[in-house]
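1. got a predicted structure plus its sequence, pasted below:
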Amino acid sequence: MRALVVVAAALAVGGGAEEPSAPNPQQVATAEGRIESFTANGGWLAWWERATSANCPTVAFMRLATRRVTKIRTSERDHWGCSAGANSLAVAGRFAAWAYSFGGNRTTTMILAATPTRVRGSPLDSFTAEHSSFGEGGYASGPVAGGPTLAYGWYGVEIVPSRPCREDLRCETIIRRGGIRLIRGTRRGELVSRAPVAHLALSADGLAAYVRVTKAWHDRRVLSRTMLEIVDLRTGRVRRRLSAPGRVRALALSGKVLVALSRSGPTPAILRFDVLSGRLMGVSRVGRGTSTRLALSGRRLIVSRGVRLIEIDVYSGRIESLATTTGAPIGLSIARGLVAWAENARTGSAPRGRIRVLGG
């Protein structure tokens with residue numbers, strides 16, 4: 001295990017000036033109603049759509065090579081109900097997975113899945129994360145995809161029994177457990193890490209990056225630094241430990257670059273790390289309103305701020321405006337060179353979703 005790398009908070013380091021560009025996005029699919037979640041990976045796109053608020057949602061798959069869309073309607077008997085949507089939708093090959101959360105004072109999260117021919121009506125994995133309004137319990141991260149792999153992470157919180165909760169229901173807690181579990185890949189079902197994991201990200205070549213949860217991070221306190229770890233999913237070995245300034249809110253990982261969206265200072269910043277050395281390559285200020293959805297492929301990082309899509313070169317720091325969307329982009333992704341996202345536009349009295357791509 002290599003030594004801990006502490007990165008100086010040199011936030012004055014940044015990319016070049018933002019340059020305008022105006023390619024035309026293409027519409028490749030439409031939904032019957034509002035799109036709630038979207039993702040893309042490799043040659044597949046997947047999304048959840050809902051015709052009306054009373055209807056059960058539909059899981060949709062599209063293969064990029066043929067642009068053929070397959071839709072599978074869910075029902076109440078599929079065990080996740082129709083009132084809630086999908087969180088953290090991820091796709092790998094012909095396999096999509098998502099987290100479904102329900103409950104009131106005690107929230108339960110299950111990992112569920114579907115293929116273009118079948119919806120699974122039971123939890124994909126035996127792990128079910130539950131946490132209460134007091135803060136104790138399990139918190140899920142993901143599922144997320146990287147190449148052919150699907151995985152999710154979690155961490156657990158326990159209340160210190162010797163210290164009673166205060167009148168405002170705030171309790172003294174400790175971080176006890178966590179991990180990463182593979183749900184699709186060569187080691188399916190295996191627990192490859194036992195660290196408390198948040199904001200999990202995977203690369204196509206078998207690496208995972210995450211925020212190592214500490215008590216202060218979980219309690220949403222003002223942080224000066226966040227601990228990050230990079231793990232080899234094939235061996236479970238920690239390849240690199242990093243210390244990032246501020247509170248990290250999102251991660252994206254390729255084989256060579258780790259990108260973190262951090263809040264340190266008046267505006268969010270994109271931190272770009274070299275995976276092999278742990279060196280901080282640069283910092284780019286992206287402005288308030290930047291989404292936590294980061295799409296990374298090669299040297300291209302795509303982020304959204306409001307209805308604007310922005311591309312950042314992770315090596316040079318050069319920033320370029322890609323396009324303006326008609327609605328807030330949902331599930332911003334890169335699939336085989338295409339920047340892909342979903343957006344909802346009002347048609348008549350009800351919103352209707354569409355899938356758009358750029359480039360390629």
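-> Structure received. Numbering: from 1, shown residues only.
2. residues in contact with residue 297?
-> Neighbouring residues of residue 297 by C-beta atoms under 8 Å, 6 or more residues apart in numbering: 254, 334, 337. In this view, the C-beta of every residue, glycine as well, is placed from N, C-alpha and C.
3. how much space between it and residue 110?
-> As defined by C-beta to C-beta, to the nearest Å, residue 297 lies at a distance of 30 Å from residue 110.
4. can you check residue 299 too?
-> According to C-beta to C-beta, residue 299 and residue 110 sit 37 Å apart.
5. tell me which of these two has more neighbours.
-> residue 110 (20 against 15; other C-beta atoms under 10 Å).
6. do I have it right that the more buried one meets residue 97?
-> No: taking contacts as C-beta atoms under 8 Å, residue 110 lies outside contact range of residue 97: 10.7 Å.
7. got the CA coordinates for stretch 252-259 in CSV?
-> Taking Å, rounded to 0.1, in the frame of the first residue of the first chain, the C-alpha atoms of stretch 252-259 are listed here in CSV:
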residue,chain,number,x,y,z
ALA,A,252,-15.7,10.2,-11.7
LEU,A,253,-12.9,7.8,-12.5
SER,A,254,-11.0,6.6,-15.6
GLY,A,255,-7.9,4.4,-15.7
LYS,A,256,-5.6,7.4,-15.5
VAL,A,257,-7.6,10.3,-14.0
LEU,A,258,-9.8,10.8,-10.9
VAL,A,259,-12.1,13.8,-10.9
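8. give me the contacts around it.
-> Stretch 252-259 has contacts (C-beta under 8 Å, 6+ apart) with 146, 201-205, 207-209, 228, 230, 242, 251, 270-276, 281, 294-299, 301, 314-315.
9. need the buried ones from those selected in ChimeraX.
-> To isolate the buried members of the contacts of stretch 252-259 in ChimeraX, using 16 or more other C-beta atoms under 10 Å:
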select :146,201,202,203,204,207,208,209,228,230,242,251,270,271,272,273,274,275,281,294,295,296,297,301,314
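10. restricted to strands, list the contacts of stretch 252-259.
-> Members of these lying in strands (criterion: DSSP state E): 146, 201-202, 207-209, 228, 230, 242, 251, 270-274, 281, 295-297, 301.
11. which neighbouring elements make contact with the host helix or strand of residue 352?
-> In this structure, residue 352 sits in strand 350-358 according to DSSP states H and E. Applying 3 or more C-beta pairs under 8 Å, 6 or more residues apart in numbering; DSSP states H and E, one finds that strand 350-358 contacts strand 26-30, strand 34-41, strand 44-50, strand 338-347.
12. could you export the ones you listed as a markdown table, including mean pLDDT?
-> Converted to a markdown table, the helices and strands packed on strand 350-358 look like this (pLDDT from 0 to 100):
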| stretch | mean pLDDT |
| --- | --- |
| strand 26-30 | 91 |
| strand 34-41 | 91 |
| strand 44-50 | 90 |
| strand 338-347 | 88 |
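13. tabulate the ones you listed (CSV), appending distance to residue 327 and mean neighbour count.
-> Shown next, in CSV, are these (distance: least, C-beta to C-beta, whole Å; neighbours: other C-beta atoms under 10 Å):
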stretch, distance to residue 327, mean neighbour count
strand 26-30, 13, 14
strand 34-41, 10, 25
strand 44-50, 14, 26
strand 338-347, 4, 21
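14. reformat those as JSON lines; add distance to residue 358.
-> Listed next are the helices and strands packed on strand 350-358 as JSON lines, based on distance: least, C-beta to C-beta, whole Å:
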{"stretch": "strand 26-30", "distance to residue 358": "7"}
{"stretch": "strand 34-41", "distance to residue 358": "12"}
{"stretch": "strand 44-50", "distance to residue 358": "13"}
{"stretch": "strand 338-347", "distance to residue 358": "4"}
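15. of all these, which one comes closest to residue 142?
-> Closest approach to residue 142 among the helices and strands packed on strand 350-358 (C-beta to C-beta): strand 34-41, 11.3 Å.
16. against which helices or strands is the closest one packed?
-> Packing partners of strand 34-41 (3+ C-beta pairs under 8 Å, 6+ apart): strand 44-50, strand 87-92, strand 137-146, strand 330-335, strand 338-347, strand 350-358.
17. run the last query once more with 10 Å
-> strand 44-50, strand 58-63, strand 87-92, strand 95-103, strand 137-146, strand 330-335, strand 338-347, strand 350-358 (3 or more C-beta pairs under 10 Å, 6 or more residues apart in numbering; DSSP states H and E).
18. list the neighbouring strands of the first one plus their orientation.
-> Taking DSSP bridges as the criterion, strand 44-50 sits next to strand 34-41 (antiparallel), strand 58-63 (antiparallel) in its sheet.
19. for residue 35, list each beta-bridge partner.
-> Counting by DSSP bridges, the residues bridging with residue 35 are residue 49.
20. helix, strand, or coil at residue 217?
-> Recorded secondary structure, residue 217: helix (DSSP: H, G, I helix; E, B strand; the rest coil).
21. out of the helices and strands packed on strand 350-358, the one nearest residue 196 is which?
-> Among these, strand 34-41 sits nearest to residue 196 (C-beta to C-beta), with 24.8 Å.
22. can I get stretch 304-316 in CSV, CA atoms only?
-> Extracted in CSV, the C-alpha atoms of stretch 304-316 (Å, rounded to 0.1, in the frame of the first residue of the first chain):
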residue,chain,number,x,y,z
SER,A,304,-23.7,20.7,-16.6
ARG,A,305,-24.5,24.0,-15.0
GLY,A,306,-28.2,24.8,-15.3
VAL,A,307,-29.1,24.1,-18.9
ARG,A,308,-25.5,24.5,-20.2
LEU,A,309,-23.2,21.5,-21.0
ILE,A,310,-19.5,22.2,-20.3
GLU,A,311,-16.5,20.2,-21.4
ILE,A,312,-13.2,20.3,-19.4
ASP,A,313,-10.0,18.8,-20.7
VAL,A,314,-8.7,16.9,-17.6
TYR,A,315,-5.1,17.4,-18.7
SER,A,316,-4.9,21.0,-19.9
